[in-house]
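*Asks:* Kindly generate the corresponding structure for this input.
(chains A and B)
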Amino acid sequence: DSGVTQTPKHLITATGQRVTLRCSPRSGDLSVYWYQQSLDQGLQFLIHYYNGEERAKGNILERFSAQQFPDLHSELNLSSLELGDSALYFCASTDSPGNYGYTFGSGTRLTVV
Amino acid sequence: DQQVKQNSPSLSVQEGRISILNCDYTNSMFDYFLWYKKYPAEGPTFLISISSIKDKNEDGRFTVFLNKSAKHLSLHIVPSQPGDSAVYFCAASNSGNTPLVFGKGTRLSVIA
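*Replies:* Numbering: from 1, shown residues only, chains lettered A, B, ... in the order given. Prediction:
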């Protein structure tokens, strides 16, 4: 157990639907990063939050949004889902943005049918 | 445009021999590099890192070499063990708050 909890582990949904992925960072970590891993692709950075504030955005579609709550857990919302959104979504946390020893959760596997 | 490239999708090595995983980068602003290991159904775990002020960093069986002029780094595992079989990701960042940029990964298989 890495200390980073992601739920659900698996999600199957239909095109056009909306889903919410949840991440609880390791205790004491203030930074949360979201990454997407599609088939045969590396980890693509989506978005970074630090202590409730958005710090950086990567290749995140407009249909996707995220937030970090006062208790530091984060949610990634994916809407108007398309087949191409099927992927593994990882959350990672660190205690500060300058610490690159990210601790990853085990991911949420999203399948859009 | 891929800024971090791992050109070998897979590598097979015999137990006890050396495994060498390679990584190239294009962004000359990158100054911190890391390797992560990923087992199936788990998230990536941090393995070893190197700052651009160094050209080598060792941690037990794992050594990372950095060649800044060639924009190339490599991970050496000696001796390789079956438990090292995993996907290895190279990652890079420039100093500050920029998130890590990952390569596509190399799947290492260590054969007993």
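*Asks:* Can you name the residues of chain A that neighbour chain B?
*Replies:* A:2, A:4, A:33, A:35, A:40-45, A:48, A:50, A:55-56, A:58, A:90, A:92, A:97-98, A:100-107 (CB under 8 Å from any CB of the partner chain). In this view, the C-beta of every residue, glycine as well, is placed from N, C-alpha and C.
*Asks:* Is it possible to mark the buried ones in the residues you listed?
*Replies:* Buried residues within these, counting neighbours by 16 or more other CB atoms under 10 Å in any protein chain shown: A:2, A:4, A:33, A:35, A:42-45, A:48, A:50, A:55, A:58, A:90, A:92, A:97, A:100, A:102-107.
*Asks:* could you pull out the strands for chain A?
*Replies:* Applying DSSP state E to chain A gives strands spanning A:5-7, A:10-13, A:19-24, A:31-37, A:43-50, A:53-57, A:64-68, A:74-78, A:87-94, A:103-104, A:108-112.
*Asks:* Mind giving me the packing neighbours of the fourth one?
*Replies:* Translated: strand A:31-37. Applying 3 or more CB pairs under 8 Å, 6 or more residues apart in numbering or on different chains; DSSP states H and E, one finds that strand A:31-37 contacts strand A:43-50, strand A:74-78, strand A:87-94.
*Asks:* Using CSV, lay out those together with mean pLDDT and distance to B:K5.
*Replies:* Shown next, in CSV, are the helices and strands packed on strand A:31-37 (pLDDT from 0 to 100; distance: least, CB to CB, whole Å):
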stretch, mean pLDDT, distance to B:K5
strand A:43-50, 95, 14
strand A:74-78, 98, 27
strand A:87-94, 96, 20
